[in-house]
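> using only what follows, build the 3D model:
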Amino acid sequence: NMASPNYEKPRVSSDTTHTARVVPMYSLTSGITQKQLRFLVSQVINLASGVEDWLPMDLRERADVMPLCEAIKIIHFPENDVDIKHARRRLAFDELFILQLRAEMIRQSLKRQIAPQIIFQENKIKDFVAKLPFSLTDSQKMSAWEIIKDLQKDQPMNRLLQGDVGSGKTVVGAMCAYDAVLNNYQVILMAPTEILASQHYESFVNLFGNTNVKIALYTRSKTELNFNSDIADYMSLPAKKKYIGGKTKKGEINIIVGTHALLSEKVEFKKLGFVIVDEQQRFGVEQRHIIREKSGNASIMPHFLSMTATPIPRSFALTIYGDLDISIIKGLPPGRKVIKTRLVAGFNRQKAYDFIRAQVKIGRQIFVVCPLIDNLENMEAALQSG
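Just a heads-up that it's a prediction; the model follows:
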């Protein structure tokens, strides 16, 4: 027997479309079959000859890619694997070229902006580092120095700080933030979630415990300050936000940690010089414009530092984040244990529970992350206890 055979009536006047050749497989929607879509594309594919190639001839020759019209035809109806390879090479080159072109446009646009020159306060920064309860790694020192050098320029820094979880990105950001504060500039640290923002706030409060740096936490549902203030427990959240907003506008708060509520709500600064964005919360033209309007001087563009724990190979990062300079923290600080990840098959579930019980008995803690948060109809998420 033949299961779901494909067949096609032979035509003397033209090649086959669905059989006896390499055929395209499209992403379909309801009511459309591969044959129908293939037939429709075959009726219009010759129009690709009229597509104007936006790459000049000399650039195509340097990149060793075929003309765009040929690539479009061949990617739909190739004769062989070699055709597919060349067509994909041209189309992939176009995508990467546009990404790089956009990144270079952003880079050149930033070079035309004016940024505050944050002078390296060497002695005070060394004193700050000396009082830390741990020693910085060489990689942390190198990354911090790359950032500090950028902060001294009158062009806006646009840098990505990459490092694994626990590699010490936060303390590097804190050192550079302290340098900005010592130059009488304010700093924003922005995180994607309220939980992460709260964690950063607590980390900064601990790191700056021996200084006079005034820090505030500002999210949609929470506010905090690390210094004595006129905020009372009975005050409403809007009242607390208004108070912090007023202090920030007067320049009486040095570092404000929060979420994107800092962009959407009425928070203005007296002298903003440095913005740290955690976990690849990318800042486009619109976000930069908002920040600049809030900065206290619309003619000055603050320096930007993005931090991420996502392991991105340098070559790939340069492709996707071509507008960013990259600093990488390699390795973990001394004494930091390696994180081990294990996948447990269903039939070993009881072994996993036994392991959890053993860890709890010796005084360690366990937390469980469930993928389902809200109860949905006909769906149940339950943690089974052994």
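> across the sheet, point out what pairs with Ser327.
For Ser327, the beta-bridge partners are Leu161 (DSSP bridges).
> begin at 21, not 1, for the rest of this chat.
Okay, residue one is now 21; in that scheme the one you just asked about reads as Ser347.
> quick one: it from Gln182, how far?
7 Å (C-beta to C-beta, to the nearest Å). For the C-beta atoms, the positions are set from N, CA and C on the backbone; glycine is no exception.
> ok, Ala91 next?
34 Å.
> for Ala372, same thing?
To Gln182, Ala372 is 32 Å away according to C-beta to C-beta.
> between these two, which one's more packed in?
The residue with more neighbours, out of Ala372 and Gln182, is Gln182; 24 against 13, by other C-beta atoms under 10 Å.
> list the contacts for that one?
By C-beta atoms under 8 Å, 6 or more residues apart in numbering, the residues touching Gln182 are 327-332, 337, 346-349.
> same question, Gly193
Gly193 is in contact with 181, 209, 296, 325, 327, counting by C-beta under 8 Å, 6+ apart.
> switch to 10 Å and redo it
Applying C-beta atoms under 10 Å, 6 or more residues apart in numbering to Gly193 gives the contacts 163-164, 167, 181, 207, 209, 220, 223-224, 227, 294, 296-298, 325, 327.
> run through the stretch 221-370 of the chain and note the low-pLDDT ranges.
For the stretch 221-370 of the chain, applying pLDDT under 70 flags the ranges 300-305, 333-342, 355-356.
> so which residues of it form helices?
257-269, 281-284, 305-314, 334-340, 369-381 (DSSP state H, counting those that start in this stretch).
> let me have those helices in a markdown table, extended by distance to Leu67.
Below are the helices of the stretch 221-370 of the chain laid out as a markdown table (distance: least, C-beta to C-beta, whole Å):
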| stretch | distance to Leu67 |
| --- | --- |
| helix 257-269 | 57 |
| helix 281-284 | 45 |
| helix 305-314 | 35 |
| helix 334-340 | 32 |
| helix 369-381 | 57 |
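> follow-up on the earlier one: tell me, what's touching Ser347 and Gln182 both at once?
Here Ser347 and Gln182 share the contacting residues 163, 189, 327, scored by C-beta under 10 Å, 6+ apart.
> quick check, the last one in contact with Ala211.
It refers to Met327. Yes - shown here, Met327 and Ala211 form a contact pair, counting by C-beta atoms under 10 Å, at 9.4 Å.
> what's the overlap in contacts for the two?
220, 296-299, 301.
> is it possible to get CSV of these that adds neighbour count and distance to Leu79?
Output for the shared contacts of Met327 and Ala211, formatted as CSV (neighbours: other C-beta atoms under 10 Å; distance: C-beta to C-beta, whole Å):
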residue, neighbour count, distance to Leu79
His220, 24, 45
Ile296, 27, 38
Val297, 22, 34
Asp298, 24, 38
Glu299, 14, 36
Gln301, 15, 34
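> and those, which two are furthest apart?
Using C-beta to C-beta, the two most remote members of the shared contacts of Met327 and Ala211 are His220 and Gln301, lying 12.5 Å apart.
> shared neighbours, the two?
Joint contacts of His220 and Gln301 (C-beta under 10 Å, 6+ apart) are 210-211, 327.
> now the strands for the stretch 71-220 of the chain?
178-183, 206-210 (DSSP state E, counting those that start in this stretch).
> circling back to that earlier point, buried among the shared contacts of His220 and Gln301? Need that as a selection in ChimeraX.
Listed next is the ChimeraX selection for buried residues among the shared contacts of His220 and Gln301, using 16 or more other C-beta atoms under 10 Å:
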select :210,211,327
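> which one of the shared contacts of His220 and Gln301 is nearest to Arg377?
Using C-beta to C-beta, Ala211 comes nearest to Arg377 of the shared contacts of His220 and Gln301, at 34.4 Å.
> now do the contacts for the closest one.
Ala211 touches 217-221, 239, 277-280, 296-299, 301, 327, counting by C-beta under 10 Å, 6+ apart.
> go with 6 Å
Residues counted as contacts of Ala211 (C-beta atoms under 6 Å, 6 or more residues apart in numbering) are 217, 220, 298.
> and the second one, what is it in contact with?
Neighbouring residues of His220 by C-beta under 6 Å, 6+ apart: 209, 211, 277.
> quick one: which of the residues you listed is nearest Phe117?
For those, the nearest to Phe117 is Ala211 (33.3 Å; C-beta to C-beta).
> gap between the closest one and Phe228?
On the measure of C-beta to C-beta, Ala211 and Phe228 end up 17 Å apart.
> burial of the closest residue in space to Pro44 that isn't next to it in sequence, as a residue count?
Among residues not flanking Pro44 along the chain, His96 sits closest, at 5.4 Å (C-beta to C-beta, 6 or more residues apart in numbering). Per other C-beta under 10 Å, the neighbour tally for His96 reads 17.
> who touches His96 in this structure?
44, 61, 65.
> and the helix or strand where Val61 lies, which residues are buried?
Secondary structure from DSSP states H and E places Val61 in helix 54-64. Going by neighbour count (16+ other C-beta under 10 Å), the buried part of helix 54-64 is 57-58, 62.
> stretch 87-94 now?
Here stretch 87-94 shows 88-94 as buried, counting by 16+ other C-beta under 10 Å.
> please flag which of those residues sit within helices.
Among those, the ones falling in helices (DSSP state H) are 88-94.
> could those residues go into JSON lines alongside pLDDT?
Listed next are those as JSON lines, based on pLDDT from 0 to 100:
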{"residue": "Leu88", "pLDDT": "94"}
{"residue": "Cys89", "pLDDT": "94"}
{"residue": "Glu90", "pLDDT": "93"}
{"residue": "Ala91", "pLDDT": "94"}
{"residue": "Ile92", "pLDDT": "93"}
{"residue": "Lys93", "pLDDT": "92"}
{"residue": "Ile94", "pLDDT": "91"}
